[in-house]
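[1] Sequence unavailable; structure follows:
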């Protein structure tokens, strides 16, 4: 079962927005055994949309199109659908009632004819309701390909995918089982790992595939498998993962789940009835933001201090003048004092501190750009880590956040 | 001048990573007048890569391909290039020397034959150096289309684009001037705006284009223009923008610059020698993270408190028990007390507080999910804002962050 995704919008082609819709849709489809084999982004152009629909027709089973369903002149997906399916627009009173209701509830200007025009659909189309917006979705089958058109607004699109499209596809199509497992390695390059895995790769069953994903100091190893029986696949997967642990040893620092690492951290903290707090300098709130993106984070995350300016490290986190004067704000001594005091101030079981020079220019410390310290306070001790991540600010911040989460996760796994 | 982008990697098609490379490349190309007309993402499959190269050949002037240049078995771009260009791989000693140097400096395991194999390029290819990694880039022209292949690791790809490819393209191609301007409106839907702009749209010069970008409570209006003379284009652009201000009035809350709003905020604060601090509940550190993503943020951003748990609001931010008991943690009273105390604790000129129920379940307050309060303390007063953003957690957090930044930006513009 193969799918194409077509995202429509000039804003994607000029780089004004990053197309996150495709990744979301791909992830949801693969969960039910539908593989995306191509993602295409094109502008709000009739010619380009039409040619993309033609190109995907009969090349795959499902085409999911996002964008171009709004009420304005640059929204032309319905018009192109009519061309492609040799169809015409007809009025749909259910959609109009829905639009009227949305206006009554949420909009303070009166409904106008552009809004009312959104109640038209191609006559052959099946309606896909949009509970959160005025742009209805639709699907039409042509020969062996099902074309599904959704609005480009991520929030509206996402709920339509999970609430309507996935259940419908599961009913209508018999799909294979596809599973993935990704191991995270740290400290060695992909060529080093590939050499070690030469025999492993040549012996891997033909329905299994190994991929290398290097980025920001780690190489992720993804094994994917396709088959008909989930239990059989999982069993072979477990065997292969065990082999990888045997071959690569301790450079494997954990696995990537479908859930982000911050969600796995949360689960363990809840299970162990432990709490966490943060004091961030270099990472400037991003670590807190990652943790609080998870629903229910308030059960274990007490809070954080973004001690960006040195004065805040002193006044609010009680780091001693002496420590900063002697070792500078970018030092393991400062990181340790930050984490110990944070744990006390917040009355938490675990705490993390980050400090470093992110660049491009040096801050309140003479340490080189890229020099980074992370301290981790556990119920029993304080662990201190030092890194040198290079000269790129964005990279330094992101790498430190990832690293801090990984260190905490490893710590929690060991004690679990 | 038209370009296609092809990003290669199974990880994109299963949604394991979001393709941010394309947006970066598009943005850089449009700056020098090259328009991206299509972005295609495909897997690590010889057949798919070959067919994509063929599809783009002679359909555009430039094809930029990312991914598939690593040392492992799943990296097959060079092999496909040899097929497509009827070429073979030859050894390049400059690349080998570079790889050896990188290993000496940064890698603690010895160089192996997989790394050495990265020193081969198709004989027709022109080398594009990769200063930060072992995977060299390359370019080959076939008829009227120039094919450029770059590694998929964002950090490496980005420096190759800005340091080598953009300067080269500017020398080799004569491109038109393309400019964009985006106005941000707040509080009205796109259909309302489109009605108001009917005449404006029909009168717009043919080389100008208006687009509507609705998301998270705001509609952005982008005017783009193509021509040969920058001064002429800018002049017309200014006239059109002035017309939009006249027609739409105060629902326009500002313009989107190439720089993000947090960078514009930073510039004004530096100019006015003012400082900022934050106390975040609902936004959980994301507001701080956005502000500290900007180099030099330490000049005006003193720090923040992520007062996630109610106890932290009391102990660290000194919000009175009485206030929370009487009005709950999700109230303008609590938000105001948070912001006033934060400004005092951090000794800053401005401060922002956020509190609310992000959902999916209620926290320490009985207020409905989506009810959100933002308070803004200026040197002279405290302003309080109340919103209802709906039931989606992610949306609530992002909308509140955007809104808080916009409120501060508007405030700073008025006083500027």
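    That came through, no problem. Predicted model only: the values in this text are computed from it and were never measured. Numbering: from 1, shown residues only, chains lettered A, B, ... in the order given.
[2] only C-alpha atoms for contact and neighbour calcs from this point on.
    OK.
[3] Could you pull out the strands in the stretch 101-250 of chain A for me?
    A:120-122, A:126-128, A:137-142, A:145-150, A:177-186, A:208-215, A:218-227 (DSSP state E, counting those that start in this stretch).
[4] what pairs with the last one, and is each one parallel or antiparallel?
    What it means is strand A:218-227. strand A:177-186 (antiparallel), strand A:208-215 (antiparallel) (DSSP bridges).
[5] Please state the offset of the longest one from the chain centre?
    Between the mean C-alpha point of strand A:177-186 and the mean C-alpha point of its chain there is a distance of 15 Å (CA atoms, centre = their mean, to the nearest Å).
[6] And for stretch A:6-25?
    Taking CA atoms, centre = their mean, one finds the center of stretch A:6-25 at 15 Å from the center of the full chain.
[7] Check stretch A:220-229 too.
    The chain centre lies 20 Å from the centre of stretch A:220-229; the measure is CA atoms, centre = their mean.
[8] hang on, the earlier thing: I'd like the strands paired with strand A:218-227 as a markdown table, with mean neighbour count and distance to residue B:179 appended.
    Converted to a markdown table, those look like this (neighbours: other CA atoms under 10 Å in any protein chain shown; distance: least, CA to CA, whole Å):
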| stretch | mean neighbour count | distance to residue B:179 |
| --- | --- | --- |
| strand A:177-186 | 20 | 43 |
| strand A:208-215 | 19 | 33 |
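[9] Take those strands and write them to TSV, including distance to residue B:88 and mean pLDDT.
    Output for the strands paired with strand A:218-227, formatted as TSV (distance: least, CA to CA, whole Å; pLDDT from 0 to 100):
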stretch	distance to residue B:88	mean pLDDT
strand A:177-186	34	88
strand A:208-215	25	88
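[10] Make TSV from those strands and add distance to residue A:58 to it.
    Formatted as TSV, the strands paired with strand A:218-227 follow (distance: least, CA to CA, whole Å):
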stretch	distance to residue A:58
strand A:177-186	23
strand A:208-215	27
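[11] To residue B:4, which of these lies closest?
    With CA to CA as the measure, strand A:208-215 is the member of these nearest residue B:4 (23.9 Å).
[12] Run through who's touching that closest one.
    Applying CA atoms under 8 Å, 6 or more residues apart in numbering or on different chains, the set of residues contacting strand A:208-215 from outside is A:189-190, A:201, A:219-226, B:11, B:72, B:74, B:153.
[13] just stretch A:330-341 next, same as before
    The contact list for stretch A:330-341 (CA under 8 Å, 6+ apart) reads A:278-279, A:313, A:317-319, A:323-324, A:327-329, A:351-357, A:365, A:367, A:371-377, A:382, A:384-386.
[14] Name only those of the residues you listed that count as buried.
    Among those, those classed as buried by 16 or more other CA atoms under 10 Å in any protein chain shown are A:278-279, A:313, A:317, A:319, A:324, A:328-329, A:351-357, A:365, A:367, A:371-377, A:382, A:384-385.
[15] Wait, residue A:177 touches residue A:232, no?
    No - using CA atoms under 8 Å, residue A:177 is not in contact with residue A:232; the gap is 10.4 Å.
[16] Now intersect the contacts of stretch A:330-341 with the strands, please.
    Among the contacts of stretch A:330-341, the residues falling in strands (DSSP state E) are A:278-279, A:351-356, A:371-377, A:382, A:384-386.
[17] Check what pLDDT the closest residue to residue A:294 other than its chain neighbours gets.
    Leaving aside its chain neighbours, residue A:294 sits nearest to residue A:263 (6.2 Å; criterion: CA to CA, 6 or more residues apart in numbering or on different chains). With respect to pLDDT, residue A:263 has a value of 90.
[18] Could you do residue A:19 as well?
    In this model, residue A:19 carries a pLDDT of 94.
[19] what residues are up against it?
    Contact analysis of residue A:19 by CA under 8 Å, 6+ apart lists A:7, A:12, B:18-20, B:23.
[20] Relative to residue B:55, which of these is nearest.
    residue A:7 (18.3 Å).
[21] so that closest one bridges to which residues?
    residue A:41, residue A:66.
[22] Spit out the contact partners of residue A:11.
    By CA under 8 Å, 6+ apart, the residues touching residue A:11 are A:17, A:43, B:213.
[23] how's chain A carved up into domains?
    Domain assignment for chain A, taken from automatic domain parsing, gives A:2-172, A:178-256, A:261-415.
[24] Comparing those domains by mean pLDDT, which bottoms out?
    domain A:178-256 (a mean of 89).
[25] Between the two ends of it, how far is it?
    Domain A:178-256 has an end-to-end distance of 16 Å (criterion: CA to CA, to the nearest Å).
[26] phi, psi of the residue nearest to residue A:296 when sequence neighbours are not counted?
    Nearest residue to residue A:296, sequence neighbours excluded (CA to CA, 6+ apart): residue B:361, at 7.8 Å. Main-chain dihedrals, residue B:361, degrees, to the nearest 10: phi -110, psi 160.
[27] Does residue B:361 touch residue B:369 like I think?
    Yes - the pair residue B:361 / residue B:369 is scored as a contact, 7.3 Å apart, by CA under 8 Å.
[28] And these two? Which one has more around it.
    residue B:369 (22 against 13; other CA atoms under 10 Å in any protein chain shown).
[29] phi, psi of the residue nearest to that one when sequence neighbours are not counted?
    Leaving out its chain neighbours, the residue that sits closest to residue B:369 by CA to CA, 6+ apart is residue B:357, at 4.9 Å. Here is the backbone geometry of residue B:357 (degrees, to the nearest 10): phi -100, psi 110.
[30] can you list contacts of the longest helix anywhere in chain A?
    Secondary structure of chain A per DSSP state H: the longest helix is helix A:393-415. Contacts with helix A:393-415, where a contact means CA under 8 Å, 6+ apart, come from A:216-217, A:253-254, A:261-262, A:264-265, A:268-269, A:282-283, A:286-287, A:352, A:354, A:358-360, A:370, A:372, A:374, A:376, A:389-390, B:155, B:293, B:295.
[31] now stretch A:114-133
    A:69-72, A:78, A:81-82, A:87-96, A:99, A:102, A:134-140, A:156-157, A:159-160, A:164, B:191, B:195.
[32] Repeat that for stretch A:252-263.
    Applying CA under 8 Å, 6+ apart, the external contacts of stretch A:252-263 come out as A:181-186, A:245, A:290-291, A:294, A:405-406, A:409-410.
[33] What is the nearest of the residues you listed to residue A:273?
    Closest approach to residue A:273 among the contacts of stretch A:252-263 (CA to CA): residue A:409, at 15.3 Å.
[34] count of neighbours near that closest one?
    21.
[35] I figured residue A:184 was touching residue A:223, is that so?
    No - using CA under 8 Å as the test, residue A:184 is too far from residue A:223 to be in contact (11.6 Å).
[36] before we move on, the earlier item: from the contacts of residue A:19, which is closest to residue A:144?
    Of all the contacts of residue A:19, residue A:7 has the smallest distance to residue A:144: 21.0 Å, by CA to CA.
[37] Surely that closest one touches residue A:20?
    No - in this structure residue A:7 lies outside contact range of residue A:20 using CA under 8 Å: 9.9 Å.
[38] Looking at those two, which one has more neighbours?
    Taking neighbours as other CA under 10 Å, residue A:7 and residue A:20 compare with residue A:7 leading, 28 against 15.
[39] which ones are touching that one?
    Counting by CA under 8 Å, 6+ apart, residue A:7 makes contact with A:19, A:21-22, A:39-42, A:65-67, A:152.
[40] who wins for most neighbours among those residues?
    Among these, residue A:22 has the most neighbours (other CA under 10 Å), with 29 neighbours.
[41] In a helix, that one, correct?
    Yes - according to DSSP: H, G, I helix; E, B strand; the rest coil, residue A:22 belongs to a helix.
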